[in-house]
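Engineer: could you work out the structure for the sequence below:
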Amino acid sequence: MQYLFNSRGQHIANLVNGQLHAPTGQNIGHYLEGQAIFIDMRGRYLGEIIFENRLLSRRNSPHLGQLRQSWKCR
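Structural biologist: Predicted structure coming up:
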């Protein structure tokens, strides 16, 4: 399990076997290794890992605002 933090150092998620979980345990998305990004359960871009353990959303990401039908979690 990898603990992930926001830019302020607050624990916001855990990465477990490619799945993204809230600190409470709820599955909130997954990691797309080929694109090196996280998406939510509907296939929307959430962010990417910066500085080894920071989950941040890039404002200029080409994935931002795109819904990926083929990436949807079931």
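Engineer: CA atoms for contacts and neighbours, from now on please.
Structural biologist: OK.
Engineer: please name the spatially closest residue to Ile12 (chain neighbours excluded).
Structural biologist: Phe5 (5.2 Å; CA to CA, 6 or more residues apart in numbering).
Engineer: er, Leu55 actually
Structural biologist: Here the residue nearest Leu55, using CA to CA, 6+ apart, is Ile49, at 4.7 Å.
Engineer: beta partners of the residue nearest the centre of the chain?
Structural biologist: Taking CA atoms, centre = their mean, the centroid of the chain lies closest to Phe38, which sits 3.0 Å from it. On the basis of DSSP bridges, Phe38 is bridged to Tyr31, Gly47.
Engineer: now for it: which residues touch it?
Structural biologist: Leu20, Gly29, His30, Tyr31, Leu32, Tyr45, Leu46, Gly47, Glu48 (CA atoms under 8 Å, 6 or more residues apart in numbering).
Engineer: tell me how many other residues crowd Leu55.
Structural biologist: 24 (other CA atoms under 10 Å).
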